[in-house]
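# give me coordinates for this.
(one chain, ligands or ions: 2)
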Amino acid sequence: MNNFIFENATKTYFGKGCVKEYLAFLSGQYGENVMVAYGGGSIKKNGVYDQVMECLKKSGKNVVEFSGIMANPTYAKVLEGAKLARENKVDLLLGIGGGSVMDCCKAISMAAVYDGDIWTDFWERPGIIEFEPLPLGVIVTVAGTGSEMNGGAVITNETRKIKTGRDYPKCNPKFALLDPEYTYSVPLKQMVSGSFDILSHIMETYFSLPDEDNVSDEISEALMRSVIRNLRAAIVNPLDYTARSNLMWDATMAENRIIKLGKRTDFQCHQMEHQLGAYTDCNHGAGLAVLHPVYYRHIYRDGLSKFRKFAVNVWGICPDQKNDEELARAGVEALADFIREIGLPSSLRELGVDEKADLKAIADSCAISAGSYRKMTHEEISEIFKECF
Ligand code: NZQ
Ligand code: ZN
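Residues are numbered from 1 along each chain as shown. Ligands and ions are numbered 1, 2, ... in the order given. So this is what the prediction gives:
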């Protein structure tokens, strides 16, 4: 394994009833002004909003609401939230939702206290945070990004047509509350795309050096099998608590830095999907589903031993008389079959991308990962996008 330092500052509360049990106590540790941030209103339909408000009332908080955080949150929305937080002298930010709400809140937690422009100083290029962002707590309502236990925030700058993420440990939420029952109301389409995002985070980590025996890869294999098994179970029965709880913790484990320890990580597919998202506003997990098999058909020969392991240890493919290359390729095709089985798109056309979309411009705007088995060029990324159509 490569050398590493590990820290994770988020205190995580997991399980049925955890919001009712802990939120009043947790919010009580901060000042009286709480900004409750959420998305398009699902929390009002499924009862989560009422539960949260009851807890905050119990601990005597003044609540200011910030709603309408959209999927693929924009920098303009971050600035709007930061202004509201400043005006109301907010002591604690409470984000309720999925990755979009959590990411937007992390950026707000910085913009609300920073005098400069956070896009220029911390997203356009990596920066060093020499101030304390506003404290942030999160309540997760959909399993997917794993944003609850890291400092990552992916923001779209609409004017610049750039969607980019940075992971600042100072942006780790102070606390995260994960009640799997809150995910029961997630629409099937979103549950499936969120789960594919989990799988993608694990694959993007697994398919990178080192290839020799290492515990991070072995945890990743167990997590990938868990996502596949539990997603199938949750599709059959959306109220399956075991399946929902496993998916929720799989998501956190995929992105709480543990499986990345001692690894380089790839994330080239994420770089490509983020730019696809910046140009088309597509769903994150669905975009990844289109890209992964095509990208892997390009690189599996460069990471043959790992792709071989993937086929055998994740998909249970019997090596039979297959040589390494045939076996590795069978693993990639098993992934492509799974994507079709769970109803995710397999082409950009199915994803709803317009035929006139400027795929070359999208490809040229993608960041190139340094950790891939083979470093991409913008020409090859352009080929991949064309093949995805
Ligand atoms: O907005 P509301 O009405 O709440 O509805 C949301 C939204 O429409 C709905 N939803 C969430 N919980 C629900 C629910 N509907 C019913 N019942 C519930 N319990 O789900 C929809 C999607 O929510 P969103 O937060 O956009 O999804 P997701 O969690 O997939 O987040 C996607 C964003 O996170 C970024 C993505 O790029 C994208 O911008 N990512 C963040 C990462 C990170 N911070 O570490 C890593 C990821 O790779 C990813 O890039
Ligand atoms: Zn992702």
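
# need the contact list for the spatially most central residue of the chain.
For the chain, the residue nearest the mean C-alpha position is Thr145 (2.2 Å; CA atoms, centre = their mean). Going by CB atoms under 8 Å, 6 or more residues apart in numbering, Thr145 touches 98-99, 102-103, 152, 194, 197, 251, 255, 284. For glycine as for every other residue, the C-beta is placed from the backbone atoms N, C-alpha and C.

# who in this protein is up against ligand 1?
39-43, 46, 71-72, 97-101, 103, 141-142, 144-147, 150, 152-154, 165, 182-183, 185-186, 190, 194, 197, 255, 270, 284-285 (CB under 6 Å from any ligand atom).

# buried ones among the residues you listed?
39, 42-43, 46, 71-72, 97-101, 103, 141-142, 144-147, 150, 152-154, 165, 182-183, 185-186, 190, 194, 197, 255, 270, 284-285 (16 or more other CB atoms under 10 Å).

# what's the single longest helix in this protein?
helix 215-236 (DSSP state H).

# I'd like to know which elements that one is packed against.
Packing contacts for helix 215-236, counted by 3 or more CB pairs under 8 Å, 6 or more residues apart in numbering; DSSP states H and E, involve helix 188-206, helix 241-255, helix 304-309.

# take these and lay them out in TSV including mean pLDDT.
Formatted as TSV, the helices and strands packed on helix 215-236 follow (pLDDT from 0 to 100):
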stretch	mean pLDDT
helix 188-206	98
helix 241-255	98
helix 304-309	98
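
# ok, Gln51 to ligand 1 distance?
Distance of Gln51 to ligand 1, computed by CB to the nearest ligand atom, to the nearest Å: 12 Å.

# ok so, going back, which SS class is the residue nearest to the centre of the chain?
Assigned by DSSP: H, G, I helix; E, B strand; the rest coil, the conformation of Thr145 is coil.

# and it, its phi and psi?
Dihedral pair for Thr145: phi -70, psi -30, per degrees, to the nearest 10.

# Val63 now?
phi -110, psi 130.

# same check on Leu178?
The phi/psi pair for Leu178 (degrees, to the nearest 10) reads phi -120, psi 100.

# quick one: it and Leu247 touch, right?
No. At 10.9 Å, Leu178 does not count as touching Leu247 under the criterion of CB atoms under 8 Å.

# if we can go back for a sec, okay, and which of the buried ones among the residues of the chain next to ligand 1 map to helices?
Reading helices off those with DSSP H, I get 42-43, 99-101, 103, 190, 194, 197, 255, 270, 284-285.

# which of these lies closest to Thr377?
His270 (17.7 Å; CB to CB).

# do you know the pLDDT at the spatially closest residue to Ile43 that is not a sequence neighbour?
Closest residue to Ile43 apart from its sequence neighbours, by CB to CB, 6 or more residues apart in numbering: Tyr49 at 4.3 Å. At Tyr49, the model reports a pLDDT of 98.

# same question, Met1
Value for Met1, per-residue pLDDT: 89.

# measure it to Glu218 for me?
The span separating Met1 from Glu218 equals 11 Å under the rule CB to CB, to the nearest Å.

# try Gly316
The spacing between Gly316 and Glu218, counted by CB to CB, is 16 Å.

# ok so, going back, now for the ones in helices among the buried ones among the residues of the chain next to ligand 1: which two are most distant?
Going by CB to CB, the pair spanning these furthest: Ile43 and His270, at 27.0 Å.

# between Gly316 and Glu218, which has more neighbouring residues?
Glu218 (14 against 9; other CB atoms under 10 Å).

# quickly note the distance from the more buried one to Tyr168.
From Glu218 to Tyr168 the distance is 29 Å (CB to CB).

# Arg229 now?
34 Å.

# more crowded one of the two?
Set Arg229 next to Tyr168 and count neighbours by other CB under 10 Å: Tyr168 wins out with 19 against 13.

# got a pLDDT number for that one?
At Tyr168, pLDDT is 97.

# residues in contact with it?
Counting by CB under 8 Å, 6+ apart, Tyr168 has contacts 106, 110, 122, 129, 151, 153.

# correct me, but Lys360 touches Ile381?
No. Applying CB under 8 Å, one finds Lys360 not in contact with Ile381, separated by 9.6 Å.

# more crowded one of those two?
Set Lys360 next to Ile381 and count neighbours by other CB under 10 Å: Ile381 wins out with 25 against 14.
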